[in-house]
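In: requesting a structural model of the entry that follows:
(chains A and B)
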Amino acid sequence: MVETSDIRVVRCGGSKVNLTPPIISSDSRFVLCTSGDLVKVYSTRTEEWLHSLQGHTNQVTGITLNPANHLQVYSCSVDGTVKLWDFIDGILIKTFVIGCPLFAIYVSEKHTGVLFLHVSMATDSKNECFQLVSVHLPKSAEQEVEAKEMSAVSSHISKNPSCTAFGRGVRVHFFFFLVWKGAKNAFTCIACHPTDDCIATGHEDGKIRLWRNFIHKKEYTYSTQHWHHNAVNTLCFTPEGTHLLSGGIESVLVQWQYGAGNRKEFLPRLGGSILHISASSDGQLFCTSHSDNKITVIESSFKVCGVIQGLVKGDAVLTDLMIDPRSKALVLNGKPGHLQFYSLLRDKHLYNLDIVQQEYIYEAGLDQFEVVKAAFDIKGSWLATVEERGKKSSDLEFFLKLWAFDERTQSFVLNTTITAAHTDRIISMCFSSSEETTMLVTAAEDSQFKAWCQGADDQNFWSCDFVGSYHKLNPTNCSFSADSSLLAVSFQEVITIWSPDTWEMLTTLCQPPGVIRDLCFGRLSCSKYLLGTTTKNLLCCWNLLTCELEWSTSVDVSKLQPDPFSENVAAFSYQSKHTDLFVFKPSEPRPLFTNKNVCSEKVHRAVFVPREEPLNSCDESTQWLNRSQLYFLTQNMDLLTFSTATEEDRMLSSSKQLVIDDSVAVTPFYLLLGKHRQQQQKLNTQSHPVSDKPQQTQGSVTIKELLHTPAHVLPAASVLCSMFVNSFLISNTGEMDSEKEEEDSEEEMEACDSQQELRAQGSVDEVTPKLSKAQERELKRVRKTDFSWMAGLIDSKP
Amino acid sequence: MASFKPTKVQFLPKLGEKVTEDTLYWKNYKSPVQIKEFGAVTKIDFSPLAPHNYAVTASTRIHVYGLHSQEPIRSFTRFRDTAYGGSFRGDGKLLVAGSEEGLIRLFDISGRVALRQFTGHSKAVHVTSFLSDGFRVVSGSDDLTFRVWDVPSAVELSSITEHTDYIRALAPSKLNPDLFVTGSYDHTVKVFDMRSGSSVMTMQHGHPVECVLLYPSEALLVSTGGRYVKIWDLLKGGQELVSLKNHHKTVTCACLSSVGNKLLTGSLDRHVKVYNSSYKVVHNFDCDASILSMAVAPDDEVVAVGMTNGVLSVRHRKHKKDKETLTSRRRRGPSYRVFVKGKNFVPRQDDFLVSKPVKQYLRKYDKQLKSFEVSKALDTALQTWTRTSKPEVTVAVIIELNRRGTLKNALAGRNEESLTKILNFLLKHIFDPRFSRPLLTVGDIVLDLYRQVLHQSPVVERQLQRLMEVLGREAELQQELLQVLGILDTLFASLTPRKEVLWEEHCPMSLNNHCVSVSSVSADVCRI
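Out: Predicted coordinates for the structure are as follows:
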């Protein structure tokens, strides 16, 4: 077996951004959110991802602004550390090692140097018992500090971070509660009023209660308000305390006026159900994070001004992982009823394509239309989708839709909707892979497969071309060969091979026992092979020329994925609680690459993504990753990939080049401008002689100093003015100098000497009456020259 | 933030004729003008010269109408008996007509009195025509002869008896003054050459020939008789090209449109059919009575049809100008201006644009659905106009309510009046294959909801009775269809040689499902 030291499995992109409440920086320019083991910084204005704070080795579970310094942020993680960051520059300031997994973090303005953390009570995290502890941060100049000084504040609190809130007052009050099981009015979330003695609680039945006079025990009163029809997920007071914001599964942000009874405002249809709400410290911006991995930035006037969308991963990916042949984006079902296009390269959500085109009703337990199948044709000009509803009830509704790519709008436009494509659920769907004619084959549980193609030239829509069946068996899979000359449809244990031109059944292949699960043709030099996997742990390879079984092996393959750019086929097998990967060529019995224990869950979705520029590694074990990259999705909805050492090197070097300045978004315009600037710089360096350089840098230093020093520490403008103008003067003389550099070099030496003389002699001018006229002129020139750059040189040397 | 997505109404494509350019062209006629004549209109002929007046032969007179006049601008009434076959000369100045008494009269178009009278036929003369040189007239008669007359001297040039039955059709060649085609009740079509003095070609039509027609190229010949229209290729020596059977009564007349040489045939079955160049019927005009004669004006401006009840029906072509004036008259209020107001404003370069969100227009039921008023939305969708003229909208709202899981709420709590509305809708559309599935669900829910109180209202009870009857009938029908399909299945199976049977299962399956659901609902109704 080849050692797999240089290929490793990496988690790539698309982590959850909605795990914790996002925080808005005090100047409202940045939004910070946790994303896997990173903290990501986004610009509120442009929605662009600026940079990320890298350093944690496990899931980041909480972030909070440092109350002492609003440019710093604390983050805690399951790896047992709390880190303090400067989030504008992305610099790690300090690491506090706590030692046990942390699940949430809170700070209080009254208690400087104290952090409040959620930790698990028991060492084994089986029971859901957590306690709140306070940690005193030791003062030390070191980068990494151990902070073991913990004191328990309260125990048996809920795991949900929204169940804990901090109040104001002389004493700090912690409000927390147990989740009462079974009760309809169980608490779900809590918020404290920033100035008043009032707390708000949200309940399972959709009610919000405002409790007053809470500090004076026994005398508290409460009022109930009700709008949500399901549980209130989150509550948030605005910083001034004039409004209360609430959100739930309905995906409607409700703004209650504090103390004005039932007066409220709504912002409906925000996306998935609202999980967290946070407000900026000036109250101008709100942030809501949604269950569809999205953060919405909302102005205080209740207008959406930005959407930060991550890779949407619902409970399950129903469609296969696909690659859009045009944009090379990863395509899978995202928001309910949508297909999402996600750029893996930039780790950015591109757009959602609305497939169902119906109003989504946010209601728990409602049977909704879901996109269950999708397929692209080879050029990316056609997209076929199947949407389905009524899995639970007996009457299944589904539509087959065909979408054409519109060059003008650069998106897919609905072309044909087929209402009753089959009488039962569609199981498998594939496009023919030939360039000339596009044909779609669908196989359904009504024991038929149908071929669909576009009508004659005047008919723009798709219609059924052929209906085929085999002994009334249910088809399980269908696949076209690489050149579309053959169609393989598997019916339970039998594979039938059809010719799409004449719709004649050519042959049947059968290798019992076991129902065929996956089916794929070999590519390129291996195109004479057909691979199939059965439910009875068999991987078979047939030779289509002889119609005989070439080889078969006993592997429980959960996913078989051919690489469209090479002969290689990847097979994920699940055995004894972990998944192994085999990459092999159908023609060779020995696998090219084997990776045991890729992950501990079953892998059902995988895709080969073509690389932008192929790697040229010659190592046998990494060769299969040269043209394309293998991404796969585990049952826990983690998107993983394989990366090689060379690739990581390349990534590192590129990340060093890409240092984005400040909050300027990396827009195309910015890049264009940057390129232009770089070119100019290059030109400058080429055209000007070397001697020019010191002056130039010196001048730019002055300007830089002027521009980069904060305004409040700058001296008066009059002082600056002369300095600024002088900086220009120098460059002038510098040019002159350079012109006559050669001839004047000696003179200049003299001039220097004479100046030293002058210095020595002070103001005694008349002592040098014997100077010639030429010398006098020279002297004048020297006097005029500003030598402050010398000072700069002297300063800079040490 | 996404905006509200309105309910999607599914329009299923209509099966049937495709809309082609030909159908559009032939549909573009105004509704016909009816002119009453004194007897059956046997012949209509357009003057070849502009303004294309037309001569209409009916009863004992010939009327000449202008293209757009409804009153005759001239009439020739000096016939003692029925006149036949009034036709113009090539220059439109002379008119010739035969008559029941055997006389042939020649008129100047501006005069009243006959210029010439040709006597010689012993029986009625049904067809007369000028030869293309304009100096000779040919006539066919019931005495089995046709004769050629010299116009200047009014003498008979020749008389030929070749047909063995009445001659009822005649078509002179326009390219050769010596050629003409005759058709007779003896089932033959003959081509005569005056230079040889006898027929040069004989074709067997197979039925009494009512009309013959030459294409302008004179390579093709059309003959009609019986229910058949036959096209002959003269250049191949009279070979039959096509035989068309689109009418179900005798085809009495045929003519060619001047745009694209489309063939039109009129028949006693009261239809005019228009064929395209591959002889497929592309359009159909319906008339009130059996058609005897028909003519198309040059440029297809006018289609004139004469019928047995003496009505002349004239269709004029619609022009774009007419349409515009029509719509401008119909326009009410400032609607167009209001909608366009400010929309076509083009901002200047240095203008600062303040964008205003476009207001989304929603239908009333969508507005109600948006605010979750489900019962009201269903009421709106069940309004009389929507219910009758756009049932698909009503069904779309029902489907949407079902999807939202609120159909039961929307149907509940209704009084007799609104329940009657729903039941009427069910009665009307429950068998429409497009709607049956959601409507059967509605029927189920209605029965579940109102089971207890149904007996209080005789109206609703009667409707349910009817619903049950209709459902029972439908179930029987479905069963019969299934039996037929079963028979067909065995037939196909025995016909197909030993190969894989690829018989499409789609229809029986869907029918089966439908049948089962129908019977379940009818069983429900029975229980009540």
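In: helices and strands around the helix or strand A:F466 falls within, which ones?
Out: In the assignment (DSSP states H and E), A:F466 maps to strand A:462-468. With contacts defined as 3 or more CB pairs under 8 Å, 6 or more residues apart in numbering or on different chains; DSSP states H and E, strand A:462-468 has these neighbours: strand A:411-418, strand A:448-454. C-beta coordinates here come from the backbone N, C-alpha and C atoms, glycine included.
In: ranking these by burial, who's on top?
Out: The densest packing among the helices and strands packed on strand A:462-468, expressed as mean neighbour count by mean count of other CB atoms under 10 Å in any protein chain shown, is seen in strand A:448-454 with a mean of 22.
In: what is the mean pLDDT for that one?
Out: Mean pLDDT, computed over strand A:448-454, is 90.
In: is it up against chain B anywhere?
Out: Yes: shown here: strand A:448-454 in contact with chain B (CB under 8 Å from any CB of the partner chain) through A:Q448.
In: and the nearest residue to A:T534 once chain neighbours are set aside, how far from A:L539?
Out: The spatially closest residue to A:T534, leaving aside those adjacent along the chain, is A:G514, at 3.1 Å (CB to CB, 6 or more residues apart in numbering or on different chains). With distances defined as CB to CB, to the nearest Å, the gap from A:G514 to A:L539 amounts to 11 Å.
In: next one: phi and psi at B:T386?
Out: Dihedral angles phi and psi of B:T386 (degrees, to the nearest 10) take the values phi -60, psi -40.
In: check contacts around it.
Out: Residues in contact with B:T386 (CB atoms under 8 Å, 6 or more residues apart in numbering or on different chains) are B:380, B:393-394.
In: just checking: which of those residues also lie near chain A?
Out: Residues of the contacts of B:T386 in contact with chain A (CB under 8 Å from any CB): none.
In: including pLDDT and neighbour count, could these go into a markdown table?
Out: Converted to a markdown table, the contacts of B:T386 look like this (pLDDT from 0 to 100; neighbours: other CB atoms under 10 Å in any protein chain shown):
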| residue | pLDDT | neighbour count |
| --- | --- | --- |
| B:T380 | 92 | 20 |
| B:V393 | 91 | 21 |
| B:T394 | 92 | 25 |
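In: so which of those sit within helices?
Out: Of the positions in those, B:380, B:393-394 sit in helices, assigned by DSSP state H.
In: A:L625: which of those is nearest?
Out: For A:L625, the closest of the ones in helices among the contacts of B:T386 turns out to be B:V393, at 55.3 Å, with distances computed as CB to CB.
In: wait, doesn't that closest one sit right on B:F11?
Out: No: assessed by CB atoms under 8 Å, B:V393 is found out of contact with B:F11, at 9.9 Å.
In: what about the residue of the stretch 101-250 of chain A found nearest chain B, which SS state?
Out: Among the residues of the stretch 101-250 of chain A, A:H229 lies closest to chain B, at 10.0 Å counting by CB to the nearest CB. The three-state assignment at A:H229 reads coil, by DSSP: H, G, I helix; E, B strand; the rest coil.
In: same check on A:P239?
Out: Per three-state DSSP, the secondary structure class of A:P239 is coil.
In: do you know how far the residue lying closest to it once chain neighbours are set aside is from chain B?
Out: Of all residues beyond its chain neighbours, the one nearest A:P239 is A:G283 (4.6 Å), with distances taken as CB to CB, 6+ apart. Note on A:G283: its distance to chain B, by CB to the nearest CB, to the nearest Å, is 21 Å.
In: does A:G283 sit in a helix or strand, and which one?
Out: Element membership for A:G283 (DSSP H and E) is empty, with no helix or strand holding it.
In: same question for stretch A:114-121, mean pLDDT?
Out: Here stretch A:114-121 scores 78 as its mean pLDDT.
In: now do stretch A:478-492
Out: Stretch A:478-492 carries an average pLDDT of 89.
In: is it anywhere near chain B?
Out: No: no part of stretch A:478-492 sits near chain B under the criterion CB under 8 Å from any CB; the closest distance found is 11.8 Å.
In: could you pick out the residues of the stretch 201-350 of chain A near chain B for me?
Out: That would be A:267-271, A:304, which are the residues of the stretch 201-350 of chain A within reach of chain B (CB under 8 Å from any CB).
In: and with 6 Å instead?
Out: Residues of the stretch 201-350 of chain A found near chain B (CB under 6 Å from any CB of the partner chain) are A:269-270, A:304.
In: among these, which are located in strands?
Out: Per DSSP state E, strands hold the following members of those: A:V304.
In: follow-up on the earlier one: tell me the angle the strand holding A:F466 makes with strand A:448-454.
Out: Counting by axes from the mean of the first three to the mean of the last three CA atoms, to 10 degrees, strand A:462-468 lies at 150 degrees to strand A:448-454.
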